[in-house]
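Chemist: Predicted model and sequence follow; I will ask about them next.
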2 protein chains.
Amino acid sequence: MSAPVVEIVAIGTELMLGETIDTNSAWLGAALAEAGMPVLRRTAVVDDFDLMATALREALTRADVVITTGGLGPTHDDFTREVVASVLDRPLEQNDDWVRVLEERYSQRGIRMPENNLRQAMVPRGGEVLFNPRGSAPGLWIEHEGRIVIVLPGVPVELRTLGEQTVVPRLRARFPDAPPVRSIRVRTTGVGESRLAEQVADLITAIEPLDVAFLPTLAGVDIRITARGMPPAEADAALARAESLFSERIGRAHFGRAGDLHPAVLGRALQARGWRVALAESCTGGLAAKLLTDIPGSSAYVLGGVVAYDNAVKTGLLGVDAALIEREGAVSEPVVRAMASGIRRITGAECGVAISGVAGPGGGTPEKPVGTVFIAAETPTRSEARRLSVPGERDDVRERSAVAALELLRRMLLNEEGA
Amino acid sequence: MSAPVVEIVAIGTELMLGETIDTNSAWLGAALAEAGMPVLRRTAVVDDFDLMATALREALTRADVVITTGGLGPTHDDFTREVVASVLDRPLEQNDDWVRVLEERYSQRGIRMPENNLRQAMVPRGGEVLFNPRGSAPGLWIEHEGRIVIVLPGVPVELRTLGEQTVVPRLRARFPDAPPVRSIRVRTTGVGESRLAEQVADLITAIEPLDVAFLPTLAGVDIRITARGMPPAEADAALARAESLFSERIGRAHFGRAGDLHPAVLGRALQARGWRVALAESCTGGLAAKLLTDIPGSSAYVLGGVVAYDNAVKTGLLGVDAALIEREGAVSEPVVRAMASGIRRITGAECGVAISGVAGPGGGTPEKPVGTVFIAAETPTRSEARRLSVPGERDDVRERSAVAALELLRRMLLNEEGA
């Protein structure tokens, strides 16, 4: 048996009106391809009973597995459940287990469950409820005449959680002979995609038939190396060899593997030394602290920080000399170094990270145009600073600056280790 | 004559593997809906001749206008032109005008045109070239048995330029009687989707034939109200009436219209009084400050803040009494009120916002389980605090708490206004 034919039917007027970009289909496509079940076709339709029913019916004539996304909310404009029940010709029945889950969640919050939530516990007869830990609409799994219909909510975080925890593992178990696709990621930061591609150009040929894709991420660029249709042991050996070739070539820009988050990697480096970090942020406005504290357990090594958006906060709280700001400008190397020292001093953290720049769209000058950012990091033994010229718009500038500042500290810790 | 039936066929393996998110379809959907020609259905397929041909053939049985995107590049894996020529049964012919355009562009850059660029000048017989000012693949417009096939490149900036400058105006001219679609949004925060739907249930009927959709957002829930097929003046009047009915019913949870960002609305309320804000964040770790400073120009009213992740920072920087933390716990109303007062005092901001809670996954207790969050806001005239029980995982708890804290301040400013 080879891979099942999988189709997606994405439901939602907001998708067709362009008010929502269909990130769900992209996520599902990537997750299923990695599991050896690439999606060949998807259809998106507005919230219209007949159009939805037609799209689902047509997909069922072609595919072994049809996954619908969206249209499971509690309100009148959500009726994917009804469409599925109608196309499969099964009555909708209330699932009492899910009613209890909902009632319990509401009672824990001390509020009455709105009546219309009961609609979310309706299931086409014979269908199975897939536990949704993050929302009130469960996923549904319905076996029908040799096909599988999987119904998923449209809220991205709910779809991903259900996809990762339930749908992909179950499909993988159901189609064990789908040709295995195994892949690894070499996560990198601080080097652009073109330069990275140049650096490893000869390796791409050397590791054939493995294939290589460059995937931009918030933190940098991931290199995904994939083995298709190889026996598992052989694939694993080839991937391990490829990983060591690539990581050796890339050097310090290589910070981790699939699943390694950049702030978590920094966190582990800090914990290895028993050091704590605090942040002083201007243009990033708290984003670097937010990224670090996204990681559960980060309270073990993050003390906190100061968002010094206004210069008065730089001088008043961080103790940066007002004359220095006057002379050098708030966006300057001396000031960002003083911010890094200041945050260490006032919090007692061993490590300080500081960021000051022009995120735009306003505030640029000929000497310091939009995208000019200074970052600094200080440990008990050394202090470093960098000037960045970050391309892109406000959000890009803020995100890349925050990651770059955390990366500066990570590399300093690597140096201390190597010393 | 009414609106034409428009379908999109999006082409590209990278779309199906999730390496590229299909922003083109979203953009086209929005542009066409505004022009009165909402897209009801779209199909996306991998780069496979037969799948592409089938999708195009099927779309032509249903639609008056079929727009394809992607697959027009110069390399061997791009063959949308060939598929269109085959489905419409027309030979491909070289368009000499476009060859000249390409040759001229290359000679201006002083380089020889690569041979494979000539493929991009091939046009199905009888088709018209649509000038692409930003790339080497022109758009194509082909009239075929009463239908229109429009072929657009997949590079987003090229697609948008062709769409704006050529495709949408020409379609609009071709279907002058297409009824306009107009919609508004009533943006709300702090009330769940189910409860909101209950609140306005009778209004949904009262404003028919306008239709209503509930769209969850990071900030809360948007209510989209749409007028279809009504003369513009009548539609505008009906939408204005609907907006005032809904906003009156919803009251303070209604914070803005389409395009209004919640932190920007708070910013305007602050600026209206000449007040500035500073934040003291524990569990949100800088996220509330990040949300406020996402807004360009926010330096006019955001002074900054303190991320007091560790209790030592709450006492050391914010001046919260250590004995108070000891007695009440860091996650408590007295402490969060003290944090709000503290951040005002140390920064000189007129308004302070503070957040302290258990974001999880660890750290919960029976009395204060994961999701327990205290928020406080203080202005020169008043101080308020709330205890929240936020469902969901760490990210949800952090996001909803940050928004709720900013919303608390926004409502206090409304009260001051009304007073």
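Modeler: Noted; the coordinates are in hand. Residues are numbered from 1 along each chain as shown, chains lettered A, B, ... in the order given.
Chemist: Around chain B, which positions in the stretch 51-200 of chain A sit nearby?
Modeler: Listed as neighbours of chain B in the stretch 51-200 of chain A under the rule CB under 8 Å from any CB of the partner chain: A:51, A:55, A:73-77, A:105, A:108-110, A:114-117, A:133-134, A:136, A:155, A:157. C-beta here means a position set from N, CA and C on the backbone, and glycine is covered the same way.
Chemist: Apply 10 Å and report the result again.
Modeler: A:51-52, A:54-55, A:58, A:62, A:73-78, A:105-106, A:108-120, A:133-136, A:154-155, A:157-158, A:161 (CB under 10 Å from any CB of the partner chain).
Chemist: What helices and strands are in contact with the worst-scoring helix or strand of chain A on mean pLDDT?
Modeler: Taking mean pLDDT, DSSP states H and E as the measure, the helices and strands of chain A show their lowest mean at strand A:211-216, namely a mean of 82. Identification of packing neighbours for strand A:211-216 by 3 or more CB pairs under 10 Å, 6 or more residues apart in numbering or on different chains; DSSP states H and E yields strand A:181-188, helix A:193-199, helix A:201-206, strand A:221-228.
Chemist: Leaving out chain neighbours, which residue sits closest to A:Ala258?
Modeler: Spatial nearest neighbour of A:Ala258, excluding adjacent residues (CB to CB, 6 or more residues apart in numbering or on different chains): A:Arg185 at 4.0 Å.
Chemist: in the sheet, who's paired with the one you found?
Modeler: For A:Arg185, the beta-bridge partners are A:Arg224 (DSSP bridges).
Chemist: for the stretch 301-419 of chain A, what are the low-confidence residue spans?
Modeler: Residues of the stretch 301-419 of chain A meeting the criterion pLDDT under 70: A:417-419.
Chemist: these two touch, right, A:Met122 and A:Ala85?
Modeler: Yes: between A:Met122 and A:Ala85 there is a contact at 8.1 Å, judged by CB atoms under 10 Å.
Chemist: can you list residues touching both of the two?
Modeler: Common contacts of A:Met122 and A:Ala85 (CB atoms under 10 Å, 6 or more residues apart in numbering or on different chains): A:Pro91, A:Leu92, A:Glu93, A:Leu140.
Chemist: Most neighbours among these, which one is it?
Modeler: Within the shared contacts of A:Met122 and A:Ala85, most neighbours by other CB atoms under 10 Å in any protein chain shown means A:Leu140, with 24 neighbours.
Chemist: Burial check on the closest residue to that residue other than its chain neighbours, number of neighbours?
Modeler: Leaving aside its sequence neighbours, A:Leu140 sits nearest to A:Val151 (CB to CB, 6+ apart; 3.9 Å). Counted with other CB under 10 Å, the neighbours of A:Val151 add up to 28.
Chemist: average pLDDT for the helix or strand that contains A:Val151?
Modeler: Element membership of A:Val151, judged by DSSP states H and E, is strand A:147-152. On average, the pLDDT along strand A:147-152 is 98.
Chemist: And the least confident helix or strand of chain A, what's buried?
Modeler: By 16 or more other CB atoms under 10 Å in any protein chain shown, the buried positions in strand A:211-216 come out as A:Val212.
Chemist: What separation is there between A:Pro334 and A:Ser341?
Modeler: Counting by CB to CB, to the nearest Å, the separation of A:Pro334 from A:Ser341 is 11 Å.
Chemist: Now for these two: what residues contact both?
Modeler: With CB under 10 Å, 6+ apart as the test, A:Pro334 and A:Ser341 both reach A:Val320, A:Ala376.
Chemist: Grab the longest helix from chain A for me.
Modeler: Counting by DSSP state H, the longest helix found in chain A is helix A:394-418.
Chemist: what comes up buried for it?
Modeler: Within helix A:394-418, the residues that count as buried by 16+ other CB under 10 Å are A:394, A:397-413.
Chemist: show me what contacts A:Ser341?
Modeler: A:Ala280, A:Leu318, A:Gly319, A:Val320, A:Gly352, A:Ala354, A:Ala376, A:Glu378, A:Ser383.
Chemist: residue in the stretch 51-200 of chain A nearest to chain B?
Modeler: At 3.7 Å from chain B, A:Pro114 is the closest residue in the stretch 51-200 of chain A, using CB to the nearest CB.
Chemist: wait, that residue sits on B:Glu193?
Modeler: Yes: with contact defined as CB under 10 Å, A:Pro114 counts as touching B:Glu193 (8.9 Å).
Chemist: quick check: domain ranges of chain A?
Modeler: Domain assignment of chain A by automatic domain parsing yields the ranges A:6-174, A:181-257, A:262-418.
Chemist: Let me know which of the ones you listed is tucked in deepest.
Modeler: Counting by mean count of other CB atoms under 10 Å in any protein chain shown, domain A:262-418 has the highest mean neighbour count of the domains of chain A, with a mean of 21.
Chemist: Now find how far off-centre the helix or strand encompassing A:Lys314 is within its chain.
Modeler: Using DSSP H and E, A:Lys314 sits in helix A:311-316. Relative to the centre of its chain, helix A:311-316 is centred 34 Å away, using CA atoms, centre = their mean, to the nearest Å.
Chemist: and what of stretch A:288-297?
Modeler: That offset, for stretch A:288-297, works out to 14 Å (CA atoms, centre = their mean).
Chemist: what do you get for stretch A:283-300?
Modeler: Distance, centroid of stretch A:283-300 to centroid of chain: 15 Å (CA atoms, centre = their mean).
Chemist: Quick check: end-to-end length of that stretch?
Modeler: Distance between the two ends of stretch A:283-300: 26 Å, counting by CA to CA, to the nearest Å.
Chemist: ok, it near chain B or not?
Modeler: Yes: Stretch A:283-300 comes into contact with chain B (CB under 10 Å from any CB), by way of A:283-300.
Chemist: Which of these fall in strands?
Modeler: Judged by DSSP state E, strands contain none of those.
Chemist: Provide the strand pairings for the strand holding A:Val151, with the direction of each partner.
Modeler: Note on strand A:147-152: by DSSP bridges, its sheet partners are strand A:65-69 (parallel), strand A:139-144 (antiparallel).
Chemist: Take it, keep the C-alpha atoms, and write them as CSV.
Modeler: The C-alpha trace of strand A:147-152 is given here as CSV (Å, rounded to 0.1, in the frame of the first residue of the first chain):
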residue,chain,number,x,y,z
ARG,A,147,-12.8,6.8,3.3
ILE,A,148,-11.9,9.0,6.3
VAL,A,149,-13.3,12.4,6.9
ILE,A,150,-11.5,14.5,9.4
VAL,A,151,-13.2,17.7,10.6
LEU,A,152,-11.0,20.3,12.2
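Chemist: Work out the gap between the next helix or strand after that strand and the centre of the chain.
Modeler: Using DSSP H and E, the helix or strand that follows strand A:147-152 in sequence is helix A:156-162. What separates the centre of helix A:156-162 from the centre of its chain is 12 Å, taken as CA atoms, centre = their mean.
Chemist: Using PDB, write down the CA coordinates of helix A:156-162.
Modeler: Only the C-alpha atoms of helix A:156-162 are listed here, as PDB (Å, rounded to 0.1, in the frame of the first residue of the first chain):
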ATOM      1  CA  PRO A 156      -5.000  28.000  14.000                       C
ATOM      2  CA  VAL A 157      -3.700  27.200  17.400                       C
ATOM      3  CA  GLU A 158      -6.500  24.600  17.800                       C
ATOM      4  CA  LEU A 159      -6.000  23.100  14.400                       C
ATOM      5  CA  ARG A 160      -2.200  22.700  15.000                       C
ATOM      6  CA  THR A 161      -2.700  21.200  18.400                       C
ATOM      7  CA  LEU A 162      -5.200  18.700  17.100                       C
END
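Chemist: The residues of stretch A:283-300 next to chain B in helices, which ones?
Modeler: Counting by DSSP H, these contribute A:Leu287, A:Ala288, A:Ala289, A:Lys290, A:Leu291, A:Leu292, A:Thr293 to helices.
Chemist: Find residues that contact each of A:Pro114 and B:Glu193.
Modeler: Common neighbours of A:Pro114 and B:Glu193 (CB under 10 Å, 6+ apart) are A:Pro74, A:Ser136.
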